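Q: sequence first, then the predicted structure, then my questions.
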Amino acid sequence: MKLRKCLMVCALASVMTVGSVSFVNAAGSRTNDLTVTGDTAQQYEITAEIEESEAYRTLAQEAPEIVDIIDGVNDGTMEMVDVITKLQDMAETIEDEEVKAALEEVIAVLEKKEFVTGFIDLIALEVAEKNEEGNYEISISVPSLTDKMENVEILHYSMDRSVWEIVEPTDVDLEKKVIEAEFEDLSPIAVICDQIEDAE
């Protein structure tokens, strides 16, 4: 499975403190208008209005602190720096040193990133099949990708494993604005990239 260093955070709700929208940033337009493309289009679907998804409703009940992040990013009131602050607050409540260190490692990656999209829910349909490595292979059209973006990755909150992880795509085509990636399981994701400096 191609996960960047398999960055996982066992951020279980029990150890956390409970606590389509378009935006404009330095990279251009940030949108939730993502679609599944290619051969995978018949196997997966995307819920851009994530608050309408079953995953969102479940998180609202079981992990409202995750919903706070999703809502903040999607309504434009939170940028990456705000998400990092939320995750740092969560880290302070974690007593397991290994789990805490994993969360801090993810935070360190995010400190160099910015959002390309808001959070959407990625869903496997009944016909979806995992590959030999036990992962879902998906092609996603991301209209807000530009040729100025570098190190495009995916921030994923796994509901099955209660972890945050950085998923490294198997391929990124900036010209066609398509990302190919593998996931162990599917739930809310947002596309991220390296910070882009404002043009002088």
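A: Great, that's in hand.
Q: can you show me the helices along the protein?
A: 54-62, 64-74, 80-92, 97-110 (DSSP state H).
Q: need those helices in TSV (columns: distance to Asp194 and mean pLDDT).
A: In short, each C-beta sits where N, CA and C put it, glycine included. Shown next, in TSV, are the helices of the chain (distance: least, Cβ to Cβ, whole Å; pLDDT from 0 to 100):
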stretch	distance to Asp194	mean pLDDT
helix 54-62	28	96
helix 64-74	18	96
helix 80-92	11	95
helix 97-110	10	89
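Q: now for the ones you listed, which one comes closest to Arg161?
A: helix 97-110 (11.9 Å; Cβ to Cβ).
Q: flag every buried residue along the closest one.
A: Val99, Lys100, Ala102, Leu103, Val106, Ile107, Val109, Leu110 (16 or more other Cβ atoms under 10 Å).
Q: and the residues you listed, which is closest to Val73?
A: Nearest to Val73 among the buried residues of helix 97-110, with distances taken as Cβ to Cβ, is Leu110, at 11.8 Å.
Q: contacts only, for that closest one.
A: Residues counted as contacts of Leu110 (Cβ atoms under 8 Å, 6 or more residues apart in numbering) are Met80, Val83, Ile84, Leu87, Leu155, Ile192.
Q: ok, and the most crowded of the residues you listed?
A: Using other Cβ atoms under 10 Å as the neighbour test, these are led by Leu155, with 26 neighbours.
Q: is Glu137 in a bridge, and if so with what?
A: Beta bridges link Glu137 to Glu182, judged by DSSP bridges.
Q: give the contact list for it.
A: Thr40, Asn131, Thr170, Glu180, Ala181, Glu182.
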